[in-house]
Each structure stands twice: as C-alpha cells, then as structure tokens.
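Colleague: I'll drop the sequence and a predicted model, then ask my questions.
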Amino acid sequence: MRPVVLSLLPGLFFVSSLCLPESSAAEVRVATFNISFNRRNAGDLTADLNNQDPQAIKVARILRTVRPDVVLLNEFDYDADAKSLDLFQRVYLQTEDLPGDTEPLLFPHTWTSTVNTGVSSGIDLDGNGEVSGPADCFGFGWFPGQYGMAVLSKYPIAADEVRTFQNLLWSDMPNARRPIDPASKKPWHSDVAWNALRLSSKSHWDVPIDIDGKRLHLLASHPTPPAFDGPEDRNGCRNADEIRFWADYLSPEKSAWITDDHGNEGGLAPSAHFCIVGDLNADPNDGASQAGSINSLLEHPLVNSDVTPTSAGAVEASATQGKQNASHHGPAKYDTADFSDNVVGNLRVDYVLPSRTLAVTDCAVFWPASDDPTSSLTDSSDHHLVWINVELPE
C-alpha cells in the first residue's frame, strides 16, 4: 500500500495523496481533455460544481468511461484553495451516485498551479491605448486563474521536482516570432510590452510522475489560440512559439536559454520518458495556426508520432456538418475539436505525444458516432478527450 499523505502547499500548488493498492505499470493510459470548465467570474465554477452541474456530470461520465491513469484537464478555472478540483473529484468522479452506468474513478494524486490568464501586466499589450481588461493580462482572462490546468494521476507525482515556466519571457526565446505590423513593417508590440510579455499564455509544466520505479514526465501546456488578433498575427506567433518551447526543451543543443520559475536552467534529459499533453491549438494541415508550427513536435526525433488517435464520430461530424470541413486537407478521423462550421470547422488540436522510449499499444479520441449512446456526452465541451496507452520499458 502507498502511505497516506495529504499536503497543502501554500501559494503555488496543491498536491494530494490517498492510500490505494499499487497497480501494474506495464501499461499506462495517458489522456488530455479540454473540459471547458471556464466561467466568467472567479468562484463561479465552485458554485456550479456545488449544484450538480450538468456539464460536470457529462465530463465525469466521459472520464469514468475512458478511465485514464494520468490526465491533463485544460480550461479548469484555478482557485487558490483548490476547492473546485476537490469538488469535482469528490462529487463527480468518486461518487457512486453519478447518473449513467460508470464506476467511480479515483485519482489519489493531483497537481495544479497558477497560470498567466487574468494576471494583469500593467502594460498596454493589445495596443488600444489603455491598460485595462483581459487583453492586457499576461494571458487573456477576466480573472487570475481563468482557463487554468490540472493534472490528475493514479501514480505519485514528484511535486518537489515539478518545473513551471509561467514567468519565462517571450523575448528570451532565441529567434522569437516577434509580431510585425504589416502596414508599418515595425514590431507590433512596443519595446516596453515586448520585454515584459511572458511566453506562456497559461503556463508550461514538467510534471514528473513515478510509475513503479520509473519516471514519466508529463509536459503540459495550453497555448493561446492563433485567432482573435489582426493582420500582425500576434496570437499566431505566440501559439507557434509556445509549441516550439517544447521542441527546444527536448533538444539539448537548443535548451540552454530556458530557465524555470525557480531559476533552474536547461531542458529535459534526452533519455527521459515523456508525454507532451494539452490543447495545443494547432492543426498540422488546417486552421489558422502558423504553417508547420505543430510539426516542430510531430517531426521531432524524440517524439513518437507514428500512431495518431482517431474516432468514428469525427468522420461522421465532418461529413454531416460540411461547410469549412469540406475544404480541409487533413483526414477528418484525426480531428479532436468541433469548432464553428462556418468559420473554422473541426480540427486536430489536442495531443498526447509520447517519447520514442515508450511503446504505444492503443489510442483513440473519445468522439463516438451518433448511434452510440455515449455520444450525448460530447456536447459538454467543444473538445474531445484524447488518450493513448503506453508501455514503459523494463
């Protein structure tokens, strides 16, 4: 049995552990899910979760159906005492009384922390001559912690070894894509804004997870969407560099510039086992992301992208919804998000990318076809859960 540990670390993050029998680590299911638990005001998510929220019931039923061993939840509003995360676990994942025929799901280890969304920069970042509102925050948000992230795990998290990169400056990245105003041919951000702007719109996390004596690094992030800007493509530039961060982090010859929030320098050891997870907001073939941005990961020599998760529901949705989907170049079976048919169409933007040290034994996107009874759950978010099963080498 694992020992019972409950530790509340003030300020940055929370870690919890419960006593459970050890399980086999021969195969581990790793997942990512943008659950759209973002609300307009701080405290709204906690209030909703206290009232049998229909969206939360559907999200929990999806998780209880797929039953990942480790999962990153994107767009989970952060609160300083982790009430929402505790509520979601107790009232929705662990309860015997949830509607639907699913077994309770227990994650004895969790990790969450602050993010840049809603944190005021005190600078005019959007160039409108004012310093106010969500667009002048280090990441777009109406309050600190909106669109946050959380990691849930059946295996112990090495909390004292987690690396966060919330404060890393965009301008510190070599050859950063500084947005250029196409009319004036000058940098879109003022020098003051550029030298203060952080790279991560939320944060980048390296969360080490110990699996029966082996270490798996969960590399978690949620880059800004490459939209909601102008011809300068400032969000597209940032999205591409937020993705490129992980490519540099995996490459010893390129990672020297990286410094985490505790002052530790450099990237990940080349021999490390890892999974890059998150809503990366970039499709390899379609959408508004900069050309080739996600390929910095898909084609990285240390990333195993040989197998791509698919679903029957994505194929069906593309065919029945039509419109922008009809003009897409990428295979519909790989799509993970159901966006506006008139403007964007469905895209592959959610990823679980393992290291080549891991063998992929199975994978899928939870997007059932309409004749599957569980298809009624998928309107809980415009994203779909993506999972892979990996085997860690002996």
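Modeller: Perfect, thanks for sending it. Residues are numbered from 1 along each chain as shown.
Colleague: buried set for stretch 274-285?
Modeller: The neighbour-count check on stretch 274-285 (16 or more other CB atoms under 10 Å) flags F274, C275, I276, V277, G278, D279, L280, N281, A282, D283, P284 as buried. The way it works is simple: take the backbone N, C-alpha and C, and place the C-beta from them, glycine included.
Colleague: so V360: helix, strand or coil?
Modeller: The three-state label given to V360 by DSSP: H, G, I helix; E, B strand; the rest coil is strand.
Colleague: wait, isn't it in contact with L353?
Modeller: No - here V360 lies out of contact with L353, judged by CB atoms under 8 Å, at a distance of 10.1 Å.
Colleague: those two: which is more packed in?
Modeller: Between V360 and L353, counted using other CB atoms under 10 Å, L353 has the larger neighbour count: 24 against 17.
Colleague: hmm, the more buried one is touching D306, no?
Modeller: No - if you go by CB under 8 Å, L353 and D306 don't touch, sitting 10.7 Å apart.
Colleague: quick one: residues contacting the residue nearest to L298 when sequence neighbours are not counted.
Modeller: Closest residue to L298 apart from its sequence neighbours, by CB to CB, 6 or more residues apart in numbering: S305 at 4.6 Å. S305 makes contact with L297, L298, E299, L353, according to CB atoms under 8 Å, 6 or more residues apart in numbering.
Colleague: of those residues, buried ones?
Modeller: L297, L353.
Colleague: so which of the contacts of S305 are in strands?
Modeller: Under the assignment DSSP state E, these contribute L353 to strands.
Colleague: for L197, state which of the contacts of S305 is nearest.
Modeller: L297 (22.6 Å; CB to CB).
Colleague: H329 against P284, yeah?
Modeller: No - at 9.1 Å, H329 does not count as touching P284 under the criterion of CB under 8 Å.
Colleague: which pLDDT does the model give the residue nearest to L298?
Modeller: pLDDT recorded at S305 is 97.
Colleague: checking my notes, it in a helix, right?
Modeller: No - according to three-state DSSP, S305 belongs to no helix; its state is coil.
Colleague: OK, contacts around A196?
Modeller: So A196 contacts S121, I123, L169 (CB under 8 Å, 6+ apart).
Colleague: and the second one, how far is that from C237?
Modeller: It refers to I123. Separation of I123 from C237 (CB to CB, to the nearest Å): 18 Å.
Colleague: the two: which is more packed in?
Modeller: Ranked by neighbour count (other CB under 10 Å), I123 and C237 place C237 first, with 22 against 18.
Colleague: so where does that one fall, helix or strand?
Modeller: Taking DSSP states H and E as the definition, one finds C237 inside helix 234-249.
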